[in-house]
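In: Got a sequence here, can you build the structure:
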Amino acid sequence: MNDLTSTSFATPDGEFHWPVRVYIEDTDAGGIVFYANYLKFMERARTEFVRSLGLNLREGLRDNISYVVAHLDVRYIKSALLDDELTVSVSLAKQGRVYMQFDQKITNKKNELLVTGHVKVACVELCTGKPRPLPESLIAALNARRIA
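Out: Modelled structure (predicted):
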């Protein structure tokens, strides 16, 4: 699975969009996207969202910072098929001291809603796995995006 044009964009309301195309590796024998692959699409879109803020996850790893999915709620509405062009959206729904909660959706080229997800991502110390505050650089970038 690769992005279509390596272009992503944000809407005026702050929703981030990341395009993907469905490849054979994403599907089952019938050419339907395997359910777990939607989670991969959403993970990659969240990562690209963070990159769009000018942040690098690798730097966080060097600073003993990592992120884990603490809660996930997914609703599968309609299947995507081999060669479909999809858009994965990300919006920050809530920000706590040690977590971010995202609302995500996946739509097809006809703008039909395929999947929705609500994902709570916790910030943890890499070496212990214990919760830690979100980095100041991330908080500043999220705040700047809200203001823009």
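In: For the longest helix along the chain, which helices and strands make contact with it?
Out: For the chain, the helix that runs over the most residues, judged by DSSP state H, is helix 35-52. Counting contacts by 3 or more C-beta pairs under 8 Å, 6 or more residues apart in numbering; DSSP states H and E, helix 35-52 packs against strand 16-21, strand 65-76, strand 85-95, strand 99-108, strand 113-125. (Each C-beta comes from the backbone N, C-alpha and C, glycine too.)
In: Show me what counts as buried in the very next helix or strand once past that helix.
Out: Of the helices and strands lying after helix 35-52 in sequence (DSSP states H and E), the nearest is helix 57-62. Within helix 57-62, the residues scored as buried using 16 or more other C-beta atoms under 10 Å are residue 60.
In: Send over helix 57-62 as PDB, restricted to the C-alpha atoms.
Out: Extracted in PDB, the C-alpha atoms of helix 57-62 (Å, rounded to 0.1, in the frame of the first residue of the first chain):
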ATOM      1  CA  LEU A  57       8.900  10.200  15.400                       C
ATOM      2  CA  ARG A  58      12.400   8.900  15.200                       C
ATOM      3  CA  GLU A  59      13.700  11.800  17.200                       C
ATOM      4  CA  GLY A  60      11.100  10.900  19.900                       C
ATOM      5  CA  LEU A  61      12.500   7.400  20.000                       C
ATOM      6  CA  ARG A  62      16.000   8.800  20.700                       C
END
